[in-house]
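> Take this sequence and fold it.
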Amino acid sequence: MKYILVTGGVLSGIGKGIIASSTGMIMKAMGFRVTSIKIDPYLNIDAGTMSPFEHGEVFVLDDGGEVDLDLGNYERFLDITLSRDNNITTGKIYNHVIEKERRGEYLGKTVQVVPHVCDEIQAWIERVSAKPTDGSSNPPDICVIELGGTVGDIESMPFIEAMRQFQFRVGTENFCLMHVSLVPVIGVVGEHKTKPTQQSVRELRALGLTPDLVMCRSGQPLTADTQRKISNFCHVHPQHVIGVHDVSNIYRVPLLLQQQGLPYILLERLHLLDSPVAQALSIKPYSLTEQGRPVPDITPAWLQSWAQMADTVDRMNPTPDTPARDESPAGMASPAKRHTALSPIRIAMVGKYTGLGDSYLSVTKALDHASMEVQRKVVVDWVEAEELEEGHPKFHEAWRVIRSVHGILVPGGFGDRGIEGMVAAARYARTHNKPYLGICLGMQVAVIEYARSVLNWTGADSEEFNKEADPKVVVFMPEISKTHMGATMRLGVRKTIFNTRDCITARLYGLDKNPEGEPTIDERHRHRYEVNPEIVEQLQEAGLNFVGHDTEKVRMEVIELPKLDYFVGVQFHPEFKSRPKKPSPVFVGLVLACWRQEISKNLHEGELTPSSSKKQD
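All right, here's what the predicted structure looks like:
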């Protein structure tokens, strides 16, 4: 087993997760089996009880683990399936150590950070890194470990010490340290300042860890002088100072690293140049120009599909620097020219946590994946749900957005704040035949709205928001704890069974193409409330189709309104399993429905191409 540790310095949030994911992606593209571990040095057992405003999205894994959103990046970039143990927290480690102490496993010794906590961290990493993540029974070859926070944080000290010991435990030939640091650009002349990186590396070395590579985050490409300066003061080879400047989209980061010779550097450092994988690919070090910069290299075959994906994203988001490419036969418009000529599909995201985009990171990524699949740019217009409620100062402005967009998406959430705004958005989508996708809470508010408006149950509500509601169309699930919050919801991957293959959602999942067997899908869940089984039949008779349910035929999983172009609600979270090359079907369906309506509208009005200035509805 080979280990690549990614640490960060100067400040947090500079891209350690993307760099770690990109490194893992490069190693997997070469043919190695890769897994990832994220270390979060907070005392929480997991991310499940954290506020989205403070921590961003809680990502849910197949086994029900509620983890840091960086594990979502790993799964999306590497197309692997991780477990809750791939997210290590201080809370988990200390909880495990204390439980062992209570069982008497330390034989009466004084339990201390060194050696007991550090030993537990190392044993955890070795145990988890051996678990298969690609669906096979084969253990991974390489484990990428990201240490959250920045070097010098007091809460991360036990992990730094554990990693210092770990490099000798596994052998230095099996351990590579990449340190991510900020190289700010100061002044109108655009001078790179290396002092923050020097200080960060100095502190890391003082703690017993010497970086093999320094990954320099900057707004602009590093100059050769800057590379040499960082090399001199940080005790690393000049070619091991890797510039990671801002690029047009995150899928270009692996390509940027490859262009600077990272594959060869890692293979050499980890003694893998003689491995069958490296021998088959003939990986070579890059050469330098007279100015000290890497010679431009052709993207290798094993990265071609990733490069094509990055090109697709660039074509949908053109900038003055986007290269013009047209590989289509003479006389035919290339796909790039076709979709860049169109105005973007606009989706209103009606949420409760829109003040922080990371709160809905997987949802926006799933829209990006759908956009890439249909090759049409998608733009998210954020709408705070409360602003759709009468009396709010931004009421009219928010409704102008709702009326102007092509489709509406209501994501998951908890609590009663903004619920009436979500209900109003669902009502507008239903009555104006505007494509609608409701996820988890978004499905529940659609059911509440239908009960109120169609069945005239004016008191219909969720037990979550109104304990005295009559009727309760959404109820608390009986097996869920009412005293403990952490890890007590209905979590993880669950099977959904469709009543029929002849419905929009089943067709999107391709179930209509396979008449054999039971029409089922597996998606991840995170909820403690459900549609009241006692009122499902009445809603069904009124026209709200419950087309998917759980294995016990009690919990409703998917709703549709068949008379509308696209009105879908799902109790599960499809965004958590969406991948760049395998987008979530219901997100693709939403984008396609918006596009289809736009084409129909423009044909009716005699237009051949959409106009971004044309007022919708």
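> Strands along the stretch 51-200 of the chain, start to end?
Per DSSP state E, counting those that start in this stretch, the stretch 51-200 of the chain carries strands over the ranges 59-60, 66-67, 87-89, 142-147, 175-182, 185-186, 191-192.
> Take the fifth one, keep the C-alpha atoms, and write them as CSV.
If I follow you right, that is strand 175-182. Extracted C-alpha coordinates of strand 175-182, given in CSV (Å, rounded to 0.1, in the frame of the first residue of the first chain):
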residue,chain,number,x,y,z
PHE,A,175,4.7,7.6,1.9
CYS,A,176,4.6,10.9,0.0
LEU,A,177,3.7,14.3,1.5
MET,A,178,2.1,17.0,-0.6
HIS,A,179,1.8,20.4,1.1
VAL,A,180,-0.8,22.9,-0.3
SER,A,181,0.1,26.5,0.4
LEU,A,182,-1.1,29.9,-0.8
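> So which elements touch that strand?
For strand 175-182, the helices and strands in contact under the criterion 3 or more Cβ pairs under 8 Å, 6 or more residues apart in numbering; DSSP states H and E are strand 2-8, helix 16-30, helix 157-170, helix 195-206, strand 213-218. For glycine as for every other residue, the C-beta is placed from the backbone atoms N, C-alpha and C.
> coming back round to it: could you dump the strands of the stretch 51-200 of the chain into JSON lines with mean pLDDT, mean neighbour count and distance to Glu386 added?
Listed next are the strands of the stretch 51-200 of the chain as JSON lines, based on pLDDT from 0 to 100; neighbours: other Cβ atoms under 10 Å; distance: least, Cβ to Cβ, whole Å:
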{"stretch": "strand 59-60", "mean pLDDT": "96", "mean neighbour count": "27", "distance to Glu386": "25"}
{"stretch": "strand 66-67", "mean pLDDT": "95", "mean neighbour count": "24", "distance to Glu386": "26"}
{"stretch": "strand 87-89", "mean pLDDT": "97", "mean neighbour count": "23", "distance to Glu386": "32"}
{"stretch": "strand 142-147", "mean pLDDT": "98", "mean neighbour count": "26", "distance to Glu386": "35"}
{"stretch": "strand 175-182", "mean pLDDT": "97", "mean neighbour count": "24", "distance to Glu386": "36"}
{"stretch": "strand 185-186", "mean pLDDT": "86", "mean neighbour count": "11", "distance to Glu386": "39"}
{"stretch": "strand 191-192", "mean pLDDT": "88", "mean neighbour count": "17", "distance to Glu386": "44"}
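> Which among those strands is found nearest to Arg205?
With Cβ to Cβ as the criterion, Arg205 lies closest to strand 175-182 of those, at 9.8 Å.
> got the contact list for the closest one?
Counting by Cβ atoms under 8 Å, 6 or more residues apart in numbering, strand 175-182 makes contact with 2-11, 14-16, 19, 23, 151, 166-167, 196-197, 200-201, 204, 209-218, 244, 266, 269-270, all of which sit outside it.
> what's the distance between Asn456 and Gln538?
Applying Cβ to Cβ, to the nearest Å, one obtains 12 Å for the distance of Asn456 from Gln538.
> Tell me which of these two has more neighbours.
Comparing Asn456 with Gln538 by other Cβ atoms under 10 Å, the one with more neighbours is Gln538, at 14 against 9.
> Val378 contacts Val591, correct?
Yes - between Val378 and Val591 a contact is recorded at 6.0 Å, counting by Cβ atoms under 8 Å.
> list residues touching both of these two?
Contact with both Val378 and Val591 is made by residues 345, 347, 367, 370-371, according to Cβ under 8 Å, 6+ apart.
> can these go into TSV with extra columns for neighbour count, secondary structure and pLDDT?
Putting the shared contacts of Val378 and Val591 into TSV (neighbours: other Cβ atoms under 10 Å; DSSP: H, G, I helix; E, B strand; the rest coil; pLDDT from 0 to 100) gives the following:
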residue	neighbour count	secondary structure	pLDDT
Ile345	26	strand	95
Ile347	26	strand	97
Leu367	27	helix	97
Ala370	24	helix	97
Ser371	25	helix	96
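> Return the closest of those residues with respect to Gly407.
Distance to Gly407 across the shared contacts of Val378 and Val591 (Cβ to Cβ) is lowest for Ile347, with 5.0 Å.
> tell me the contacts of the closest one?
367, 378-381, 405-409, 590-591, 594.
> got TSV for the shared contacts of Val378 and Val591, with distance to Leu603 too?
Listed next are these as TSV, based on distance: Cβ to Cβ, whole Å:
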residue	distance to Leu603
Ile345	17
Ile347	22
Leu367	25
Ala370	23
Ser371	23
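> Can you tell me which of the residues you listed comes closest to Val253?
Lowest distance from Val253 to the shared contacts of Val378 and Val591 (Cβ to Cβ) belongs to Ser371, with 18.8 Å.
> now that closest one, nearest residue through space, not along the chain?
In space, not counting the residues next to it along the chain, Ser371 is nearest to Val378; the distance is 4.0 Å by Cβ to Cβ, 6 or more residues apart in numbering.
> ok, the residue of the chain most remote from its centre to Tyr94 distance?
Distance from the C-alpha centroid of the chain peaks at Gly108, with 44.4 Å (Cα atoms, centre = their mean). Gly108 sits at a distance of 19 Å from Tyr94 (criterion: Cβ to Cβ).
> In the stretch 351-500 of the chain, mark out all the strands, start to finish.
So, for the stretch 351-500 of the chain - with DSSP E, counting those that start in this stretch - the strands run 378-384, 407-410, 436-439, 461-462, 472-476, 490-498.
> Alpha carbons of the first one, as PDB, please.
Only the C-alpha atoms of strand 378-384 are listed here, as PDB (Å, rounded to 0.1, in the frame of the first residue of the first chain):
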ATOM      1  CA  VAL A 378     -27.300  25.500 -16.800                       C
ATOM      2  CA  VAL A 379     -27.300  28.500 -14.500                       C
ATOM      3  CA  VAL A 380     -28.700  28.400 -10.900                       C
ATOM      4  CA  ASP A 381     -30.700  31.400  -9.700                       C
ATOM      5  CA  TRP A 382     -30.700  31.300  -5.900                       C
ATOM      6  CA  VAL A 383     -34.000  32.100  -4.200                       C
ATOM      7  CA  GLU A 384     -34.200  32.200  -0.400                       C
END
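> Check which residues of it are buried.
Judged by neighbour count (16 or more other Cβ atoms under 10 Å), strand 378-384 contains these buried residues: 378, 380-381, 383-384.
> I'd like these as a markdown table, with distance to Gly413 appended.
Converted to a markdown table, these look like this (distance: Cβ to Cβ, whole Å):
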| residue | distance to Gly413 |
| --- | --- |
| Val378 | 21 |
| Val380 | 16 |
| Asp381 | 18 |
| Val383 | 13 |
| Glu384 | 12 |
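> would you turn those into CSV with pLDDT and distance to Thr505?
Formatted as CSV, the entries for the buried residues of strand 378-384 read as follows, by pLDDT from 0 to 100; distance: Cβ to Cβ, whole Å:
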residue, pLDDT, distance to Thr505
Val378, 95, 20
Val380, 96, 22
Asp381, 96, 25
Val383, 96, 24
Glu384, 96, 28
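> Pick out the most distant pair among those residues.
Farthest apart among the buried residues of strand 378-384 by Cβ to Cβ are Val378 and Glu384. That separation is 19.9 Å.
> isn't Tyr264 right next to Leu281, touching?
No - counting by Cβ under 8 Å, Tyr264 stays clear of Leu281, with 10.2 Å between them.
> show me where the stretch 401-550 of the chain has helices.
Assignment of helices within the stretch 401-550 of the chain using DSSP state H, counting those that start in this stretch yields the ranges 419-431, 441-453, 504-508, 536-541.
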